[in-house]
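Participant: Have a look at this prediction, sequence included:
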Amino acid sequence: MTDDPPKDEVAAAKEAAAQHDDGAGPPTVFDKILSGEWSSDKVFEDDRCLAFRDISPQAPTHILVIPKNRDGLTKITKAREDQKELLGHLLYVAQEVGEKECPKGFRLVINNGEEGCQAVYHLHVHVIGGRQLQWPPG
């Protein structure tokens, strides 16, 4: 068993990083979901965020929580001081969803940049659970 993430995820992250700039970045798959162009299996929605099931789940429960307005928040290291309330809201919603979907426990993950295996440059919180997770995460 290797500690490396699956090669297709690494390749996707490298490709996304190569296409990402330091600005708002190009439209993402999440923009298509938010606009209604693409459907999603919605778990939660309010005026600030959307939570939906990942189309490539890494565990029995794998939900993504995203801000509705990206506003330059392409990755966690791009967060501004004026976005602290939104960041707190995303984490609060993630724990609410996690508690409901995975009452025995869950993990929250935010990938950041190429080596963090970030493949979509629209900040998102992964809620992962539904089975015994391992440590270290890899």
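Facilitator: Cool, the structure landed. No experiment lies behind these values; they were computed from the predicted model shown.
Participant: could you pull out the helices for the chain?
Facilitator: Counting by DSSP state H, the chain has helices at residues 7-19, 29-35, 84-101.
Participant: Can I get these in TSV including distance to I63?
Facilitator: In this view, the C-beta of every residue, glycine as well, is placed from N, C-alpha and C. Written out in TSV, the entries for the helices of the chain read as follows (distance: least, CB to CB, whole Å):
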stretch	distance to I63
helix 7-19	17
helix 29-35	13
helix 84-101	6
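Participant: Specify the stretch among the ones you listed that is closest to R107.
Facilitator: Nearest to R107, of all the helices of the chain, is helix 84-101, at 8.3 Å by CB to CB.
Participant: what's that closest one packed up against?
Facilitator: Helix 84-101 makes packing contacts with strand 42-45, strand 49-53, strand 61-67, strand 106-109, strand 125-129 when contacts are defined by 3 or more CB pairs under 8 Å, 6 or more residues apart in numbering; DSSP states H and E.
Participant: buried residues in it?
Facilitator: 86-87, 89-90, 93-94, 97-98, 101 (16 or more other CB atoms under 10 Å).
Participant: try stretch 53-68
Facilitator: Within stretch 53-68, the residues that count as buried by 16+ other CB under 10 Å are 54, 59, 61-67.
Participant: Burial check on the residue nearest to F30 when sequence neighbours are not counted, number of neighbours?
Facilitator: Of all residues beyond its chain neighbours, the one nearest F30 is H122 (4.3 Å), with distances taken as CB to CB, 6 or more residues apart in numbering. Each residue near H122 was counted by other CB atoms under 10 Å, and the total is 21.
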